[in-house]
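1. kindly return the folded structure for what I paste below:
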Amino acid sequence: MSALERSLKVLEHLAAHPHGKALSALAADLQLPLSAAHRLLSELIRCGYVRQDQSHGDYVLTIKLVSLGLGFLSASGIVDVAQPLLDRLAVESGELVRLGVVDGDELIFVAKAQGATRGLRYDPDMGLSVNLSCSSAGHAWLSTMSDERALELVARQGFGKPEDFGPRAVTSVKALLSHLKAARQRGFSMIIEVFAPAMTAMAAPIRDSTGTVIGVVTIAGPLVRLTEQRMLALAPALLETTQQLAGASGASALLRKRAA
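-> Purely as a prediction, here's the structure:
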């Protein structure tokens, strides 16, 4: 493993531990010698991506990576293009609406709008690679592929486990293909207690003028509000939003790149 790859592994690991990580624990988790882990962290501190907490000595990320990501999204124009449409769908649905963009073999959430003004709000982390087997976004994207290609991507990532997701987490090829078949028939995916207990979600793909899938739009919320019947009622609004985003994709450098 190269020094660059090791450095990226350190950054990814620290991103999953926002409260910080001790040198010994980080080295053990990444199976690195203590001396090598210390050198990597020292270099990352020098470059401004990591700092050492003065109170307990743990290593934590700085906001430099966040600034880079936000700067990239701002320059791409995607937020300017998508946000008004996401905001409108969030108001109509009263739930969390998110935009995921295809990035190679991954799906990344890059923008969101919260429609819930009171009560339970569902708002998971942004900017992370989407779990494909246990998310409505993943199912919507996978449903646009052949079964073989979909299973290839899921095999690389691995199936989710009920203890890590919801009690109905998709844990087998048969279950996944059943979800994908239903999504293809409807034109959008729906999951109930798959990603998280007592939570539901739906998603539809965004296709450009050539038919290439460049992203997905999701609506997610608590099962008590976002029932199966409510999701079916919201389907036309969701599909209209994906069509409008497809039509506006030329205004965003990021979406143009995905469509190329």
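2. could you point out which residue ranges in the stretch 101-250 of the chain have low pLDDT?
-> Applying pLDDT under 70 to the stretch 101-250 of the chain picks out residues 117-128, 249-250.
3. helices of that one, start to end?
-> 136-142, 147-157, 173-186, 228-248 (DSSP state H, counting those that start in this stretch).
4. can you say which of the ones you listed is packed in most?
-> When the helices of the stretch 101-250 of the chain are scored by mean count of other CB atoms under 10 Å, the highest mean neighbour count falls to helix 136-142 (a mean of 29). The way it works is simple: take the backbone N, C-alpha and C, and place the C-beta from them, glycine included.
5. settle this for me: Gly166 is touching Pro197, isn't it.
-> Yes - using CB atoms under 8 Å, Gly166 is in contact with Pro197, at 5.2 Å.
6. for the two, indicate the residue with more neighbours.
-> A side-by-side neighbour count of Gly166 and Pro197, using other CB atoms under 10 Å, places Gly166 first with 21 against 12.
7. and that one, how close does it get to Ala201?
-> Gly166 sits 10 Å away from Ala201, going by CB to CB, to the nearest Å.
8. mutual contacts of the two, please.
-> Common contacts of Gly166 and Ala201 (CB atoms under 8 Å, 6 or more residues apart in numbering): Val194, Phe195.
9. nearest to Ser42, of the helices of the stretch 101-250 of the chain?
-> Nearest of the helices of the stretch 101-250 of the chain to Ser42, taken as CB to CB: helix 147-157 at 32.1 Å.
10. now Gln244. Nearest residue, chain neighbours left out?
-> Residue nearest to Gln244 in three dimensions, not counting chain neighbours: Leu85, with 5.5 Å by CB to CB, 6 or more residues apart in numbering.
11. show me what contacts Arg6?
-> Here Arg6 is in contact with Leu30, Leu32, Ala36, Leu40 (CB under 8 Å, 6+ apart).
12. among those, name the buried ones.
-> Applying 16 or more other CB atoms under 10 Å to those, the neighbour count classes Leu30, Leu32, Leu40 as buried.
13. show only the entries of the residues you listed found in helices.
-> Among the buried ones among the contacts of Arg6, DSSP state H puts Leu30, Leu40 in helices.
14. of the buried ones among the contacts of Arg6, closest to Ile108?
-> Ranked by distance to Ile108 (CB to CB), those are led by Leu30 at 22.7 Å.
15. wait, isn't that closest one in contact with Ala36?
-> No - in this structure, Leu30 is not within contact of Ala36 by CB under 8 Å, at 9.4 Å.
16. what is the helix or strand harbouring Gln83 packed up against?
-> According to DSSP states H and E, Gln83 maps onto helix 78-93. Other elements packing on helix 78-93 under the criterion 3 or more CB pairs under 8 Å, 6 or more residues apart in numbering; DSSP states H and E are strand 96-103, strand 106-114, strand 213-222, helix 228-248, helix 253-259.
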